[in-house]
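> Attaching a predicted model along with its sequence, questions to come.
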Amino acid sequence: MSLRERVTSALRSAAGLMFALALWAAFGPTAAGGSASYIMIAGASMEPALETGDLVIARQSTSYAVGDIVAYQHPRLGPIIHRIIAVETGRFVLQGDNNAWIDSYEPSPSEILGRSWLTLPGVATRLQALRHPGWLAVFSVLLAMAVMGVLRLPGSKPTATAKRPADGPAKSHVPPGVESYVLLFAVIGLAGLLLAVAAFRQPVSKTVEAMVPYEQAGEFSYRAQGPRTVYDQGQVTTGDPIFRSLMDKFEVQFEYAFRSEAPADVLGTYALLAEVQDANGWTRRLTLVPQTRFEGSALTIVGEVRLDVVQAMVDFMRLQTGLQRATFTLSVFPEIEVTGTLAGRGLETSFAPRLDFLLDDLQVSLPPDLSTDPEIDPLNPVHSGGLTYLAAQPNSIRILGIPLNVLAARWLAVILLVVALAGLGYLAWRIEASRRAGEAQWIQARYSDLILSTQLPPETEGLDVIPVTGFADLVRVAKHSNLLVAHWIGEGQDNYAVRQADRLYLYQVAAAIPQDAVQDTQDSQPGESEPG
């Protein structure tokens, strides 16, 4: 191949690579590290701008404004494409053009997949049809045929017509099937380059909202002394009614616990309160235990409810308002304020569960529907919470749907590029070494799959022998006629020929001087003779 042809081939390869990179920059899917998301429209919410069956390509952007049509990732419904109508507190408010309501979910900037960039009407419907198993089978067969026919693996055996006889010229120092090796390393290099573009445009780590879970739990209980004729062992226990004609007070106890798998150092304050209220919202509050400091993750609060004080408040309300309510609600609840550290971070939280009693002139009792919901137990309240904070975690990209750590992807891209460059460099060195060893060696290395070596020259009688000035011309003749190039050694030179009808195109190269002969020539100096 001439210098001009090699330069032209290199320029074409570079242009093809640049075109492939441009296509990737424009249409590379986010699942493989690109910046484009493909949305299939399946609804009428964006009519008439977008209709069912359209395919929308959305591209990522650094900023989005009111009026943009964007696709965002809903945590439960998946991708949704609507128009931005407002931006509030760093989140986007969206609405479909054909909807009378506003989207209930307001995505953050990180949840925006991209702005509508290109709309392909009806393409989604056609793509859905191509997902039929029959079409998938056809595509699989075509792909397999393309791989088997075009990307012939290095080291694969040549066809029967291209096999060299065992007694042909010496084997070349260049690996057989050099084009396949070049293609292999080029594919590895292109894969490494695309992976590098995807990996190095993403940060190694990203800031996410993390949470340290914790749980606040409590247990209500109450007790009072009563006559043995009414209560077993003369003791009112949790769940029993308190008859006001037999007692005028009872004791309430609340057991509190702060629980977390992370290291916790908590303290704070607590108080125990009682509240009386009626159906209209009238409320009066009593302090059973004043605000008190505590340390540690568990505590016990004990307070006394005096029914005579509660009755005095009720009587005064009746006297002032003239309303004769028969039933009131008596609520007892702690007010616990917690501070401290959780997993080494500042913590502030509170806990104030309520235990409601029904209060009338005869008794104080728990509501009859206290345990209708098995997941909610007023006697054993539980609140699950979490300490949220911003944390850095390794970022990842998706390559063919497989998540890959960005740092690992960068190293993999570098390794692939190094392997490709080293492989291509090695092949170039071996080919150059073969070229320097002689043109015949270079031809054998470069066009081994096209050459058929023989012991005898072809018959030339009746043929018009046409010498050619370069082996590349002979290659063009052979490829144009779908023929092999015959090769034989004779008269101190390598001969290459292609027969086409009544013509024989011939190219000849002077045979290389054997190495031992060269050495003998160098050892023999002019004017010297062997001793007689």
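Right, received. Where do you want to start?
> so what's the closest residue to Glu51 other than its chain neighbours up against?
In this structure, Glu51 finds its nearest non-sequential neighbour in Ile41, 6.5 Å apart by Cβ to Cβ, 6 or more residues apart in numbering. Bear in mind the C-beta positions are built from the backbone N, C-alpha and C, glycine included. Going by Cβ atoms under 8 Å, 6 or more residues apart in numbering, Ile41 touches Leu50, Glu51, Thr52, Gly53, Asp54, Leu55, Val56, Ile81, Ala124.
> show me the contacts for the fourth one.
With contacts taken as Cβ under 8 Å, 6+ apart, Gly53 has the following neighbours: Met40, Ile41, Pro121, Gly122, Val123, Ala124, Thr125.
> got it, and the first one?
With Cβ under 8 Å, 6+ apart as the criterion, the residues that contact Leu50 are Ile41, Val56, Ile69, Ile81, Thr119.
> And for the fifth one?
Shown here is Asp54, whose contacts under the criterion Cβ under 8 Å, 6+ apart are Met40, Ile41, Thr119, Leu120, Pro121, Gly122, Val123, Ala124.
> Would you agree the third one falls within a strand?
Yes: counting by DSSP: H, G, I helix; E, B strand; the rest coil, one finds Thr119 located in a strand.
> residue contacts, it?
Contacts of Thr119 by Cβ under 8 Å, 6+ apart are Leu50, Asp54, Leu55, Val56, Ile57.
> Let's test this: mean pLDDT of the helix ranked longest in the chain, rounded?
Counting residues, the longest helix found in the chain (DSSP state H) is helix 406-437. Averaged over helix 406-437, pLDDT sits at 85.
> Can you give me the buried ones in that helix?
Neighbour-count burial for helix 406-437 flags 406, 409-410, 412-413, 416-417, 420, 423-424, 427, 430-431, 434, 437 (criterion: 16 or more other Cβ atoms under 10 Å).
> which other helices and strands contact that helix?
In terms of contacts (3 or more Cβ pairs under 8 Å, 6 or more residues apart in numbering; DSSP states H and E), helix 406-437 is packed against helix 178-200, strand 396-399, helix 439-446.
> Okay, now the unreliable bits of the stretch 51-200 of the chain?
Low-confidence segments of the stretch 51-200 of the chain (pLDDT under 70): 129-179.
> any chance you could map the strands in it?
55-59, 69-74, 78-88, 91-95, 112-120 (DSSP state E, counting those that start in this stretch).
> and the angle from the fourth one to strand 69-74?
Between strand 91-95 and strand 69-74, the angle formed by their directions is 110 degrees, by axes from the mean of the first three to the mean of the last three Cα atoms, to 10 degrees.
> tell me the angle strand 91-95 makes with strand 78-88.
110 degrees.
> got it, and the first one?
Computed by the same axes, to 10 degrees, the angle separating strand 55-59 from strand 78-88 equals 50 degrees.
> Strand 55-59: how far from the chain's middle?
How far strand 55-59 lies from its chain's middle: 19 Å, per Cα atoms, centre = their mean, to the nearest Å.
> Then the longest one?
The gap between where strand 78-88 is centred and where its chain is centred comes out at 22 Å by Cα atoms, centre = their mean.
> Check which residues of that strand are buried.
Neighbour-count burial for strand 78-88 [16+ other Cβ under 10 Å]: Ile80, Ile81, His82, Arg83, Ile84.
> same deal with the second one?
Residues of strand 69-74 classed as buried: Ile69, Val70, Ala71, Tyr72 (neighbour count, 16+ other Cβ under 10 Å).
> The last one contacts Pro109, correct?
No: using Cβ atoms under 8 Å, Tyr72 is not in contact with Pro109, being 9.6 Å away.
> Mutual contacts of those two, please.
With Cβ under 8 Å, 6+ apart as the test, Tyr72 and Pro109 both reach Phe92.
> Kindly reformat the helices and strands packed on helix 406-437 as JSON lines containing mean neighbour count and distance to Thr339.
Shown next, in JSON lines, are these (neighbours: other Cβ atoms under 10 Å; distance: least, Cβ to Cβ, whole Å):
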{"stretch": "helix 178-200", "mean neighbour count": "18", "distance to Thr339": "43"}
{"stretch": "strand 396-399", "mean neighbour count": "18", "distance to Thr339": "36"}
{"stretch": "helix 439-446", "mean neighbour count": "22", "distance to Thr339": "79"}
